[in-house]
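**Q** Let's see this in three dimensions:
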Amino acid sequence: MLTNEMKAKLSDMVGIENVETDNASLLAYSYDATARYQAMPDAMVAPRNAAEVAAVVKWCNENRIPIVARGSGTNLCAGTTPTAGGIVLTFKHMNRILEIDEENLTITVQAGVFTKDIFEAAQEVGLFYPPDPGSMHISQIGGNISENSGGLRGLKYGVTRDYVLGLEIVLPNGEIIQTGGKLAKDVAGYDLTRLYVGSEGTLGVITKAIPQPETKKTMLALYHDIDAAAETVSAIIANRIIPATLEFLDQATVKVVEDFAQIGLPTEAKAVLLIEQDGASEVVDRDAEKIVRLCKENQAFDVQVAKTDEQAEQLMTARRSALSALSRLKPTTILEDATVPRSEIPKMVKAITEIAEKYGVTICTFGHAGDGNLHPTCLTDARNTEEIELVEKAFAEIFQRAVDLGGTITGEHGVGMMKLPYLHLKAGEAGIAAMQSIKKALDPNGIMNPGKMLAIIEEKVGEA
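**A** Modelled structure (predicted):
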């Protein structure tokens, strides 16, 4: 608990109007999009610049007060829930695009800038910022970097890490460091930029923009058989075609999304592939023809090409609404992101279906099939403890199966609290020990987002 003296000290550092300590205000920061986990912080602090962030972090370190850096709270692994209390740092004042450098193709932004604003700012000058997480309209770039967010375009363009050239980082002791910069090459020491991207707790960023594609085509391939749809994904990649977007939706998801979006999606299909290709017009036309042929060769009973930009945008918007649509059906929606090599997608989709049937739970599957990042989504009710136990057993098997197929327990959501019990499946005990050593070296007092990623790891290392 913070004393009145401590609260006054925080107010001195950032201004009394930027500190909230009443329960009504703090309730909004006690959970994120995971929803299943909730814990009240002792204070919300909204610094106005990096110097104030540094002052707050240094003071917290000296007083052993936990800190959770939070963006918009769209996190799906309970990574921004303040389980140890302490202070939640928000970046509502640090929300400016500082520079668009067209000569070096970079954009410099503060941590609180919305992802969509970065995309649109780049687009206005003929550039392109590719990462497009489903929450891009409300998620902040600081959170994207903390989780190494991906999105629908991840197959062709990669994830957030691939576009971060440098960071401004406040270390746990309050010191500010700059990593990287506007450089195509830089091998001076350890690559701290890549270390911090995906570390679930960084501050500040410079992101890189790349040229805007000239045109695009969007297609919808329909299947009576889920395995055939999954096999098509492998066939497209095997033919050296890399679409900008290659999304998979099973029938249950399509039905729910159509009920939500009302755009005429084919609910009779057992599976749907949503495919988008971009680039030079002649390349797009050539690839689209090949993709249509490959879909039909792999048992698609229909392949539809969007005739207008509006129709294409409707299809992509419908896919982005999948989580919102599913969330309407039951009180609790558990969205996961088991990821496997592309070649193993057919086996993974089949395994998810079999595991759901084994435990008698409802699991809808959609996701970024082109990069193997599937989103098995369970519709349940957290108040039904018996059913939740079955759900947890089902997901434990799903994660194990993903790892057995050469995959991982999380492709983009992060570890947070949700994946703590399963990280050892992927990292192994030696990998866990290495991560713990890094954590202890940089944050010896354990104030940075405690209880996430490494909490259970500490117990495992101790037991070993």
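**Q** quick one, helices of the stretch 151-300 of the chain?
**A** 154-157, 192-196, 226-238, 251-261, 281-297 (DSSP state H, counting those that start in this stretch).
**Q** which of these is buried the deepest?
**A** Mean neighbour count, computed with mean count of other CB atoms under 10 Å, is highest for helix 154-157 among the helices of the stretch 151-300 of the chain, reaching a mean of 24. Just so you know, the C-beta spots here come from the backbone N, C-alpha and C atoms, and that holds for glycine as well.
**Q** residues making contact with it?
**A** With CB atoms under 8 Å, 6 or more residues apart in numbering as the test, helix 154-157 has contacts from 130-131, 210, 242-246, 278, 368, 370-371, 373, 412.
**Q** change it to 10 Å
**A** Outside helix 154-157, the residues that touch it by CB atoms under 10 Å, 6 or more residues apart in numbering are 128-133, 150-151, 160, 162-163, 210, 213, 233, 236-237, 241-247, 275-279, 342, 368-373, 411-412.
**Q** now, which of those lie within strands?
**A** 128, 210, 245-247, 275-279, 368, 373 (DSSP state E).
**Q** that older thread, using neighbour counts, give me the buried entries of the contacts of helix 154-157.
**A** Among the contacts of helix 154-157, those classed as buried by 16 or more other CB atoms under 10 Å are 128-133, 150-151, 160, 162-163, 213, 233, 236-237, 241-247, 275-279, 342, 368-373, 411-412.
**Q** on that earlier part again, closest to Ile432 out of the helices of the stretch 151-300 of the chain?
**A** helix 192-196 (16.6 Å; CB to CB).
**Q** Output the contacting helices and strands for the closest one.
**A** For helix 192-196, the elements it packs on are helix 141-147, strand 164-170, strand 176-180, strand 205-208, helix 423-442, judged by 3 or more CB pairs under 10 Å, 6 or more residues apart in numbering; DSSP states H and E.
**Q** If we use 6 Å, what do you get?
**A** strand 164-170, strand 176-180 (3 or more CB pairs under 6 Å, 6 or more residues apart in numbering; DSSP states H and E).
**Q** Show residues contacting the shortest one.
**A** Contact partners of strand 176-180, identified using CB atoms under 6 Å, 6 or more residues apart in numbering, comprise 50, 54, 165-170, 192-193.
**Q** can we see that at 7 Å?
**A** 50, 54, 165-171, 186, 192-193 (CB atoms under 7 Å, 6 or more residues apart in numbering).
**Q** low pLDDT regions in the protein?
**A** 183, 185-188, 201-214, 455-464 (pLDDT under 70).
**Q** tell me the domain boundaries of it?
**A** The chain breaks down by automatic domain parsing into domains covering 4-90, 97-211, 214-254+269-316, 330-418, 428-463.
**Q** Output these as JSON lines; include the columns distance to Phe260.
**A** Shown next, in JSON lines, are the domains of the chain (distance: least, CB to CB, whole Å):
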{"stretch": "domain 4-90", "distance to Phe260": "18"}
{"stretch": "domain 97-211", "distance to Phe260": "14"}
{"stretch": "domain 214-254+269-316", "distance to Phe260": "10"}
{"stretch": "domain 330-418", "distance to Phe260": "13"}
{"stretch": "domain 428-463", "distance to Phe260": "32"}
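**Q** and the residue lying closest to Asn95 once chain neighbours are set aside, how many residues sit next to it?
**A** Sequence neighbours aside, Gly112 is the residue nearest to Asn95 in space, at 3.9 Å (criterion: CB to CB, 6 or more residues apart in numbering). Applying other CB atoms under 10 Å, we find 20 residues neighbouring Gly112.
**Q** so how far is Phe91 from Gly112?
**A** 3 Å (CB to CB, to the nearest Å).
**Q** Also Gly446?
**A** Gly446 is 22 Å from Phe91, by CB to CB.
**Q** and the two? which has more neighbours close in?
**A** Per other CB under 10 Å, whichever of Gly446 and Phe91 has more neighbours is Phe91, with 24 against 18.
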